[in-house]
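Asker: quick one: sequence plus predicted model below, questions after.
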Amino acid sequence: MKRLLAIGLAISAGALIAPRAANAASLTINDALETGILFSVGQFDRGVGFVLDGTTILAPSLGTASATVSEGTPATGPITHTFTGQFLTGGALVAPTSGVIAFIEAGGGISDILTFNYTGGGAGAVATLTGTFVSDLDPGGSLVAPTGATLVAEGVPFTFDNTNITASAISDVDAVPEPASLVLLGTGLLGVLRYTRKTRRQL
């Protein structure tokens, strides 16, 4: 009986000592909204949690949080938002651990620029994600793509997942008038033009 009890205690102790599987952190940067840029985060459970522009939006936990920050304006010019997050990993980080992404507008030009960098990681170790998201004016196209940047079309999500984290960013899409709207606009302009000509002839 004593031997059985000792085996049971040994198994329980082993379960307590064994490292737990790491949870999956998450980050979504959404610049496709009219109200600003939405950062949605979850499960940054170590170190600083998740910090955006110097403000902690998620204390270290398995919870979730979000924050909306502004885009660039004519008054401010392009705005650079910085972020840092720390999370537990169950294994080594995988390549690529860093990148520079430039989002291309349909009419040409660069609308937003994302940089990211992962460090640390390993079985039961902490990884740190740092980065920036530069937002231009809206409508934009005023930014210049850094040398060697990966080019991604606006409106297309770019994923930069790594060990125990899912991460993505999407840039806004400039509104393009629908063909029906252009036809209505053209018809309205023709009507105004005819009215103006008719009024001039009567004078």
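Answerer: Cool, the structure landed.
Asker: who's in contact with the most centrally placed residue in the chain?
Answerer: Central residue of the chain (CA atoms, centre = their mean): Ile29, 2.0 Å from the mean position. The contact partners of Ile29, by CB atoms under 8 Å, 6 or more residues apart in numbering, come to 37-39, 114, 133, 168-170. Using the backbone N, CA and C atoms, a C-beta is placed for each residue, glycine as well.
Asker: just flag the most distant two among the residues you listed.
Answerer: Leu38 and Leu114 (14.3 Å; CB to CB).
Asker: neighbour count for these two, which is higher?
Answerer: Leu114 (25 against 16; other CB atoms under 10 Å).
Asker: on that earlier part again, excluding its backbone neighbours, what's nearest the residue nearest to the centre of the chain?
Answerer: Leaving aside its sequence neighbours, Ile29 sits nearest to Ala169 (CB to CB, 6 or more residues apart in numbering; 4.0 Å).
Asker: what does Leu93 give?
Answerer: Once flanking residues are discounted, Leu93 sits nearest to Gly121: 3.9 Å by CB to CB, 6+ apart.
Asker: for Thr119, same thing?
Answerer: Thr128 (5.1 Å).
Asker: wait, what's in contact with the closest residue to Phe160 other than its chain neighbours?
Answerer: Nearest residue to Phe160, sequence neighbours excluded (CB to CB, 6+ apart): Ala167, at 4.8 Å. The contact partners of Ala167, taken as CB under 8 Å, 6+ apart, are 26-28, 116, 129, 159-161.
Asker: low-scoring stretches of this structure, by residue?
Answerer: 1-22, 138-141, 174-203 (pLDDT under 70).
Asker: where exactly do the helices run in it?
Answerer: 2-17, 179-202 (DSSP state H).
Asker: beta partners for Phe83?
Answerer: Leu52, Gly131 (DSSP bridges).
Asker: next, count neighbours for it.
Answerer: Phe83: 22 neighbours (other CB under 10 Å).
Asker: quick one: contacts for Thr28?
Answerer: By CB under 8 Å, 6+ apart, the residues touching Thr28 are 38-41, 167-169.
Asker: most neighbours, which of the contacts of Ile29?
Answerer: Leu114 (25 neighbours).
Asker: can I assume it is in contact with Thr132?
Answerer: Yes. If you go by CB atoms under 8 Å, Leu114 and Thr132 touch, sitting 7.4 Å apart.
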